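Participant: Fold the following and give me the result.
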Amino acid sequence: MDNRNSTQKLTEYWERWDIERDDNTKEHLVLSYMPLVDYVADRVSINLPANVQKDDLKSLGYIGLLEALDRFEVSRGLKFETFAMWRIKGAILDGLRKSDWVPRSVRKKSKDLENAFQKLQSSQKDPVTDNQIAEYLGITLEEYNQLITDIQVISFISIDDTVGEEGNAFRDLIPDNNSISPEQQLDINEANKVLANAIDRLPDKEKNVISLYYHDELTLTEIAKILSVSTSRISQLHTKAILRLRGFLSRQKKQLF
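Facilitator: Numbers count the residues shown, from 1 in each chain. Have a look, this model is predicted:
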């Protein structure tokens, strides 16, 4: 089947799904979008320890895909792929979190490091250096680098994690351009400006990683090849960038949330 016939058939399935919601149509749609599960699982798995099996991630992602199909409203004219990828990633990360795959000691280290970045980064204009963080924590630079390695696997935000003082879920902050008011759009635009300014203040290497990972949607392995460094180094840069962004934004939460 060529691409044109495949697209036409997919459109027919969506039209039928919007009206009938029958199991046969659902099965066809699931098969059509299973590559999304593989893609998201690949992106998430690169940041996880070896004992986390990719097949387990795909099983969790499959649950997210089914949830996306059940909740998606065809009539609203939104792009299903974008909606589904958030649900798939959210289901994977939620499943990992519920299985308590990260030791409590690592969670504490992550929280301590995040607090250090927020404390130092919110009080100065230039990006905080590794030496400053290590000195603040009372550890050597070698110990600091090991700490980054230890906590880098939990530097990704779950779609159901709460953010901001109102306790909103991250998924609820994803804009719906078909339903937001002009006032809400202004708030979103302002939030985008604040985030863009924070990203612009990142060191160049971290800025490149954030752009390639979130804007170009490359895996860390692909980014490593482009920047000619190891995958572990890219993962470290990503972790530092996320911690630094949270530090930059710590004084501006009300603007964002």
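Participant: and Ala224, how many neighbours?
Facilitator: 20 (other C-beta atoms under 10 Å). Just so you know, the C-beta spots here come from the backbone N, C-alpha and C atoms, and that holds for glycine as well.
Participant: who touches it in this structure?
Facilitator: Counting by C-beta atoms under 8 Å, 6 or more residues apart in numbering, Ala224 touches 230-231, 233-234.
Participant: What's the separation between it and Ser235?
Facilitator: The spacing between Ala224 and Ser235, counted by C-beta to C-beta, to the nearest Å, is 9 Å.
Participant: Helices - which of the contacts of Ala224 land there?
Facilitator: 231, 233-234 (DSSP state H).
Participant: From these, pick the one nearest Gly61.
Facilitator: Distances from Gly61 to these, taken as C-beta to C-beta, are shortest for Thr231 (21.1 Å).
Participant: so that closest one touches Thr221, yeah?
Facilitator: Yes. Thr231 lies in contact with Thr221 (C-beta atoms under 8 Å); the separation is 5.4 Å.
Participant: Leu57 and Ile92, how far apart?
Facilitator: From Leu57 to Ile92 the distance is 5 Å (C-beta to C-beta).
Participant: These two: which is more packed in?
Facilitator: Ile92 (29 against 26).
Participant: Excluding chain neighbours, what is closest to the more buried one?
Facilitator: In space, not counting the residues next to it along the chain, Ile92 is nearest to Leu60; the distance is 4.5 Å by C-beta to C-beta, 6 or more residues apart in numbering.
Participant: Now the helix or strand harbouring Tyr144: buried residues?
Facilitator: Using DSSP states H and E, Tyr144 maps to helix 141-151. The neighbour-count check on helix 141-151 (16 or more other C-beta atoms under 10 Å) flags 144, 147-148, 150-151 as buried.
Participant: Closest to Gln118 out of those?
Facilitator: The closest of the buried residues of helix 141-151 to Gln118 turns out to be Ile151 (C-beta to C-beta; 14.6 Å).
Participant: Would you reformat the contacts of Ala224 as TSV and include distance to Leu36 and neighbour count?
Facilitator: Below are the contacts of Ala224 laid out as TSV (distance: C-beta to C-beta, whole Å; neighbours: other C-beta atoms under 10 Å):
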residue	distance to Leu36	neighbour count
Ser230	28	12
Thr231	23	16
Arg233	28	16
Ile234	23	28
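Participant: Give me the below-cutoff pLDDT ranges for the stretch 51-200 of the chain.
Facilitator: Scanning the stretch 51-200 of the chain for pLDDT under 70 picks out the ranges 100-102, 153-192.
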